[in-house]
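**Student:** Sequence below, structure please.
(2 chains)
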Amino acid sequence: SQQGEEDPQALSIQEGENATMNCSYKTSINNLQWYRQNSGRGLVHLILIRSNEREKHSGRLRVTLDTSKKSSSLLITASRAADTASYFCATAPLTGYSTLTFGKGTMLLVSP
Amino acid sequence: DVKVTQSSRYLVKRTGEKVFLECVQDMDHENMFWYRQDPGLGLRLIYFSYDVKMKEKGDIPEGYSVSREKKERFSLILESASTNQTSMYLCASSNNLGLRYNEQFFGPGTRLTVL
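**Tutor:** Model prediction:
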């Protein structure tokens, strides 16, 4: 069943601008992960944030996690045309098998 | 460089055919997964395997079966393909080292069309 829901569904910005995508989920989690998917290809892991972490950085990526609101955000700073892709959040459960539940994704278009 | 490969990028089959989708990973990962991806529905888990010969149903297992005879290979089988199984199929793998719910590594996907 779907757990994460990304917002917005689509985002269009100019190169150099920042892009922010949000993810909300319903049940308690072990960690939350963000993935990128270029058109028609497989997903690539971007960053993982554990439930006891509030913020994490990786290059131009900044992820925040608010477990009280059951939400996360992904910020891409100084966007480039090459950042054009779909972005998915995925939640890992507290217990059980090592599965992830993916949201439906945000399509990001960065125009030159 | 870690790698997950899938046997075909594009596949066209006829209704009623038996279809095999193969996935191979070279990372010695314990866990392997099959998803399908449809517009507006995101990724949905079909089946997964946490060890050789072990399998568990995901969210949408109906119409599918899987096989994992070797650690590196995970096959998805459509016993009798139907048009509503036209989709992008993605294979992924992950390990159990350290953090239990680790990142998944994805293959490039197989776009299956059932006519």
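**Student:** use CA for all of it now, contacts and neighbours both
**Tutor:** Fine.
**Student:** all strands in the chain, in order from the N-terminus.
**Tutor:** I went with chain A, as the question did not name one. Assigned by DSSP state E, chain A shows strands spanning A:5-7, A:10-14, A:19-24, A:29-37, A:43-50, A:55-58, A:61-66, A:71-76, A:85-93, A:101-102, A:106-111.
**Student:** The chain in question should be chain B.
**Tutor:** With DSSP E as the criterion, chain B has strands spanning B:4-6, B:10-13, B:19-25, B:31-38, B:42-49, B:56-57, B:64-70, B:73-78, B:87-94, B:105-106, B:110-114.
**Student:** What's the separation between the closest residue to B:Thr83 other than its chain neighbours and A:Ile76?
**Tutor:** Spatial nearest neighbour of B:Thr83, chain neighbours left out: B:Val114 (4.9 Å); criterion: C-alpha to C-alpha, 6 or more residues apart in numbering or on different chains. Distance check for B:Val114 against A:Ile76: by C-alpha to C-alpha, to the nearest Å, it reads 38 Å.
**Student:** Around chain B, pick out the residues from chain A.
**Tutor:** Residues of chain A found near chain B (C-alpha under 8 Å from any C-alpha of the partner chain) are A:1-2, A:30-31, A:33, A:40-45, A:48, A:92, A:98-105.
**Student:** For ChimeraX, write a command that selects the buried ones of the residues you listed.
**Tutor:** Applying 16 or more other C-alpha atoms under 10 Å in any protein chain shown to the residues of chain A next to chain B, the buried members can be selected in ChimeraX as follows:
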select /A:2,30,31,33,41,42,43,44,45,48,92,98,99,100,101,102,103,104,105
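**Student:** Could you give the number of residues near A:Gly96?
**Tutor:** 8 (other C-alpha atoms under 10 Å in any protein chain shown).
**Student:** Could you do A:Ser111 as well?
**Tutor:** A:Ser111: 15 neighbours (other C-alpha under 10 Å).
**Student:** for A:Arg36, what are its contacts?
**Tutor:** With contact taken as C-alpha atoms under 8 Å, 6 or more residues apart in numbering or on different chains, A:Arg36 is in contact with A:43-46, A:85-88.
**Student:** Give me the distance from the helix or strand of chain A with the lowest mean pLDDT to the chain's centre.
**Tutor:** In chain A, no helix or strand scores lower on mean pLDDT, DSSP states H and E than strand A:5-7, which sits at a mean of 83. Centroid displacement of strand A:5-7 relative to its chain, using C-alpha atoms, centre = their mean, to the nearest Å, is 9 Å.
**Student:** Specify the beta-bridge partners of B:Phe20.
**Tutor:** Per DSSP bridges, the residues bridged to B:Phe20 are B:Ile77.
**Student:** close enough to count as contact, it and B:Ser75?
**Tutor:** Yes: using C-alpha atoms under 8 Å, B:Phe20 is in contact with B:Ser75, at 6.7 Å.
**Student:** Among those two, which residue is more densely surrounded?
**Tutor:** Between B:Phe20 and B:Ser75, counted using other C-alpha under 10 Å, B:Ser75 has the larger neighbour count: 21 against 14.
**Student:** Verify the stated contact: B:Leu78 with B:Ser65.
**Tutor:** Yes: contact criterion C-alpha under 8 Å: B:Leu78 and B:Ser65 qualify, at 6.6 Å.
**Student:** Of those two, which one has the most company?
**Tutor:** Set B:Leu78 next to B:Ser65 and count neighbours by other C-alpha under 10 Å: B:Leu78 wins out with 19 against 16.
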